[in-house]
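Trainee: structure, please.
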Amino acid sequence: MSKMTGRFYQTAYLNFIILYLLALHLTFPIFAHMEKFELNILGCGSALPTMRHNATSQVLNIREKLFMIDCGEGTQVQLRRSRLKFSRLNHIFISHLHGDHCFGLIGMISTFGMIERTADLHIYAHADLQKLMRPQLDFFCKGLPFDVVFHDINPAERTVIYDDRSVSVETIPLRHRLPTCGFLFREKPVPNHIIRDMIDFYKVPLFMINRIKNGEDFVCDDGTVIPNSRLTIPSDPPRSYAYCSDTLYNPEISEQIKGVDLLFHEATFLETEKARAKVTMHSTARQAAEIAKMSDVKKLMIGHFSARYDDDLCLLAEAKEIFPDTILANENLSINV
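Mentor: Presented below is the predicted three-dimensional model:
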């Protein structure tokens, strides 16, 4: 076989392998979203308890690390029902100090002590929460086998309050009757996936693997440059989630949450109760949808429903008129972002 013919078959084989692996990547879910970014709704009601909804709480599962957002009364029972592992919950973010967003904390912490938890629990909230909870912890939770670590935040400032290798969390200043902020979760990019056949074929040394995952080309001994695109499959784009509850209609947040994959925005009232929403510093379903539309988000979830509505579908219908890709929050709902 001539050199030219051999090179032709070699190139054809390489192109076939690359196309085959790319086709797998696009066709089968196992190649996409291999890392979890999953939102779990524990409660989506508002201040007045009802038989239909629990007080506000959510858990975001990012690569098997659990992040709780708000912790209304009864949250620990909902956490049990969700079958999420208590041991993986190390960080809790409290948007503001109204009871329907934080009354569940002391009971859940007490339970964590009884199940012999040892990992520290980190709580991110307005400084007043620590002042309120220290006496309760001293009275009800003496001798905890772990520390409760409070991180004071300023809800009026947009700032990164948590950052690790997987995710960063940023505050979103909101407008409510107490100092309030939402939270913006941004996943960190994942390195590209190497194509093992290509790595073996070009005899890429082990010390180069991480550099190739992060985008470098490979230079063979004879000086031939092998482009990174031939050695790797692009990783999935990083995902993002914005949580905005409770708040008066506030278009100023649009720039910060622009383009997020999923926006949770409170929709306490229908537009017919717009005046009531303004007085109580809440939003209507229509206003939530307008925020989603102007922010160019991919999907909107509405929640924090007023107890006055026997059926939340009226709120969904109002939001969908403005932003069709809207869904209702509901207890035990789990959604991949």
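Trainee: all the strands of the stretch 151-300 of the chain, residue numbers only.
Mentor: 160-163, 167-173, 181-187, 193-194, 218-219, 225-226, 232-233, 240-244, 262-266, 300-303 (DSSP state E, counting those that start in this stretch).
Trainee: strand partners (parallel or antiparallel) of the first one?
Mentor: In its sheet, strand 160-163 lies beside strand 167-173 (antiparallel), with partners assigned from DSSP bridges.
Trainee: low-confidence stretches in this protein?
Mentor: Within the chain, the stretches with pLDDT under 70 are 1-34.
Trainee: show me the domain layout of it.
Mentor: 3-32+192-233, 37-190+236-329 (automatic domain parsing).
Trainee: the closest residue to Asn40 other than its chain neighbours - how many residues pack around it?
Mentor: Of all residues not flanking Asn40 in the chain, Val59 sits nearest, at 4.5 Å (Cβ to Cβ, 6 or more residues apart in numbering). Quick note: C-beta positions are derived from backbone N, CA and C, even for glycine. Using other Cβ atoms under 10 Å, Val59 is surrounded by 23 other residues.
Trainee: could you list the buried residues of stretch 188-206?
Mentor: Residues of stretch 188-206 classed as buried by neighbour count (16 or more other Cβ atoms under 10 Å): 190, 192-195, 198-199, 201-202, 204.
Trainee: and the most centrally placed residue in the chain, how far from Ser95?
Mentor: Nearest to the mean C-alpha position of the chain, by Cα atoms, centre = their mean, lies Tyr241 at 4.4 Å. With distances taken as Cβ to Cβ, to the nearest Å, Tyr241 is found 14 Å from Ser95.
Trainee: kindly report the same for Arg117.
Mentor: Arg117 is 24 Å from Ser95, by Cβ to Cβ.
Trainee: comparing those two, which residue is more hemmed in?
Mentor: Ser95 (30 against 18).
Trainee: would you agree the more buried one is in contact with Pro173?
Mentor: No - applying Cβ atoms under 8 Å, one finds Ser95 not in contact with Pro173, separated by 11.0 Å.
Trainee: could you name every residue contacting both of these two?
Mentor: 155, 181 (Cβ atoms under 8 Å, 6 or more residues apart in numbering).
Trainee: what is the burial count for the residue lying closest to Lys293 once chain neighbours are set aside?
Mentor: In space, and not counting its chain neighbours, Lys293 is closest to Phe323: 5.0 Å by Cβ to Cβ, 6+ apart. Residues near Phe323, counting by other Cβ under 10 Å, number 23.
Trainee: same thing with the one 10 residues further on?
Mentor: Burial of Leu333, expressed as a neighbour count using other Cβ under 10 Å, amounts to 17.
Trainee: returning to that earlier point: name all residues that make contact with the residue nearest to Asn40.
Mentor: 39-40, 42, 66-69, 79, 82, 84, 89.
Trainee: understood, closing this out.
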